[in-house]
Every structure is written in structure tokens, then in C-alpha cells.
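> one predicted model, sequence on top.
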Amino acid sequence: MRVLVLNASYEPLHTVSVPHAIRMLLRHVAEIHESESEVTYGLFPRPRSVRLLRYVVMKWRYSQAPRWSRRGVLKRDNHICAYCGRTATTVDHITPISRGGAKTAWLNTVAACGGTSRSCNARKADRLPEEAGMRLRFAPRVPTWDELSPLVVL
């Protein structure tokens, strides 16, 4: 189970494990914002979200783009294949790595359907989309921090 950590201004920051959240409560760094009263950890009910007591400045978050990740690409593209529109399960490099394409660049990767020999990722293989007779349904872009934030539905 994960616990949502809110800034003092109630904006979501990230998620932490339950033991980490309890340690934050014990150190008086945070307070329980929402909890499950039927399950307790010592003196504390099991927190669903905690709020920091002091405001954390997040300039770092907005001064640079989010770091590339496979999960981030899938989330950015809403798990939709950039070639056919079906459910995407993997990431495809538009310019293959073997041809000098960047391995971890937001603008060189898109979500793609995969897992079978007829999937878009397998059909494109080690070619450019034009060479494979495929076209992108949408252009890749660098996502914002808000798009990738791991919000917990409470």
C-alpha cells in the first residue's frame, strides 16, 4: 500500500510506503490528512494521505523536464499505440537505437502495441516508420510533471 504525501499547501508531491509515512508522523514532519480508522500502527491509524507541516519549495520540479522512463512514455500516450490506436504494452523507438536513435529520449519513443508477431512493434522492427509503411498517429512530446505525477485515487 502507498500513502500520498501532500505539501503544506495540499498539492500532491509523491507517494511513500506506509512505514515511511509512519516515520514521518513520528518525526513530526507530517500529519495525517486521511486515514483508515479500522487499521492502526501503534498510536496511528493507517494513513491514506499525509500532509507536510512545512512547505517544500518545488523549483527543481519545474526547472527541468521529467526524466525519461518506459512507464512515463506509456502514461504520456495513455497506453494507446502511436501507430494503430490499440492498447499499448511496450515502447517503440521511432529511430531505432541501432541506427543512432536515442535510447532514452522523449522525442524518440512512443507507446506501441507488442507481444505478438503481428503487433506494430514487431512489424516496424529495426526500420524507420516510413520504411515500414507506418505513420505516427500523434507526434511524441516531452510531458509535463503534472501528467506523470503518481496520484493515488483515495
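Cool, got the structure. Residues are numbered from 1 along each chain as shown.
> CA atoms only: put stretch 34-50 into PDB for me.
The C-alpha trace of stretch 34-50 is given here as PDB (Å, rounded to 0.1, in the frame of the first residue of the first chain):
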ATOM      1  CA  GLU A  34      -6.900  11.000   5.600                       C
ATOM      2  CA  SER A  35      -6.800   7.600   7.200                       C
ATOM      3  CA  GLU A  36      -8.400   4.200   7.600                       C
ATOM      4  CA  SER A  37      -9.600   4.100  11.300                       C
ATOM      5  CA  GLU A  38     -10.000   0.300  11.400                       C
ATOM      6  CA  VAL A  39      -6.300  -0.500  10.900                       C
ATOM      7  CA  THR A  40      -3.800   1.000  13.300                       C
ATOM      8  CA  TYR A  41       0.000   1.100  13.500                       C
ATOM      9  CA  GLY A  42       0.800   1.800  17.200                       C
ATOM     10  CA  LEU A  43      -0.800   5.100  18.100                       C
ATOM     11  CA  PHE A  44      -1.600   6.000  14.500                       C
ATOM     12  CA  PRO A  45      -4.500   4.800  12.200                       C
ATOM     13  CA  ARG A  46      -3.200   3.600   8.800                       C
ATOM     14  CA  PRO A  47      -2.700   6.800   6.800                       C
ATOM     15  CA  ARG A  48      -4.100   7.100   3.200                       C
ATOM     16  CA  SER A  49      -2.600  10.500   2.800                       C
ATOM     17  CA  VAL A  50      -0.300  12.700   5.000                       C
END
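> show me the contact partners of that stretch.
Applying Cβ atoms under 8 Å, 6 or more residues apart in numbering, the contact partners of stretch 34-50 are 1, 3-6, 18, 21-22, 24-25, 30-33, 152, 154. (Each C-beta comes from the backbone N, C-alpha and C, glycine too.)
> and stretch 100-120, by the same measure?
65, 68, 73-74, 76-84, 86-95, 97, 121-122, 124, 134, 136, 140-143.
> picking up where we left off before, tell me which of the contacts of stretch 34-50 has the lowest pLDDT.
The lowest pLDDT within the contacts of stretch 34-50 belongs to Leu154, with 42.
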